[in-house]
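**Student:** How does the following fold in three dimensions:
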Amino acid sequence: MEKVGKAKLIVLIAVIAIVVLILERTYLTAKNPSSVKLMIYKVELMTSALDTNPQTVFSDPAGREMDLTNNILVGEAVMRPGIYKRLRLTAANGYKVSIGKAGDDPCGRDSIFTDRIFTAAGSGSDPSSRNQVSFATYDDSGGTWTNQQVTHLLLGPLEIGANQDTRMELKFTTGHSLFCIKNTVDVRAPWAGWITLSK
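**Tutor:** As a prediction, this is how the structure comes out:
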């Protein structure tokens with residue numbers, strides 16, 4: 001009986017070791033991009049996924065390229081008081097990712113690349129096409145979903161009171177999102193975002 005218990009323990013330890021090895025090779029070796037540039041056409045706040053009257057915070061038909069690795073000051077808008085749980089971006093399908101120093105290539109090469117274009121809708125899709133990306137709180141079903149996995153998360157709701165200054169600054173976390181998949185650099189979510197009100 002004791003030998004069976006030891007055998008099970010050895011098997012369990014082996015399984016844990018394999019899982020740790022897999023995680024280390026995929027997630028712990030992920031690298032940080034030095035910039036993630038995205039052409040944004042519209043930024044909207046919604047009280048939930050079912051909100052049919054989103055509040056526009058920023059809109060530019062020509063688009064504005066923003067770097068998600070830096071704080072983004074969106075602008076000022078008159079907003080209805082309420083609790084907003086979803087941030088929706090209308091953006092270009094293609095986004096430019098850069099790594100600024102040797103050794104940041106997740107595939108272990110000493111290469112540097114600037115503005116390499118990845119597409120949110122997958123390979124072969126038109127980078128100039130537009131799509132909507134949602135960042136949402138967990139209780140609002142999370143953000144954009146890919147293969148039944150949340151890829152974009154809004155870190156907490158935003159409460160706007162009556163007569164409150166609504167000049168907004170968007171912030172995003174893009175760290176540890178560069179992976180080496182079949183010896184090719186790939187960008188994997190999740191990304192997270194949050195909103196602050198600035199004076």
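**Student:** What ranges does the protein have for its helices?
**Tutor:** Taking DSSP state H to define them, one finds helices in the chain at 2-23.
**Student:** And the contacts of stretch 115-128?
**Tutor:** 37, 91-98, 129, 131, 133, 185-187 (C-beta atoms under 8 Å, 6 or more residues apart in numbering). From N, CA and C alone the C-beta is placed, and that goes for glycine too.
**Student:** Just the mean pLDDT for that stretch, thanks.
**Tutor:** Stretch 115-128 shows an average pLDDT of 80 in the prediction.
**Student:** just stretch 65-80 next, same as before
**Tutor:** Across stretch 65-80, the per-residue pLDDT values average to 83.
**Student:** Show me which residues of it are buried.
**Tutor:** Going by neighbour count (16 or more other C-beta atoms under 10 Å), the buried part of stretch 65-80 is 66-69, 72, 74, 79.
**Student:** ok, so of the residues you listed, who is nearest Leu158?
**Tutor:** Met79 (9.4 Å; C-beta to C-beta).
**Student:** Just the buried residues of the contacts of stretch 115-128.
**Tutor:** Listed as buried from the contacts of stretch 115-128 are 37, 91-98, 133, 185, 187; burial here means 16+ other C-beta under 10 Å.
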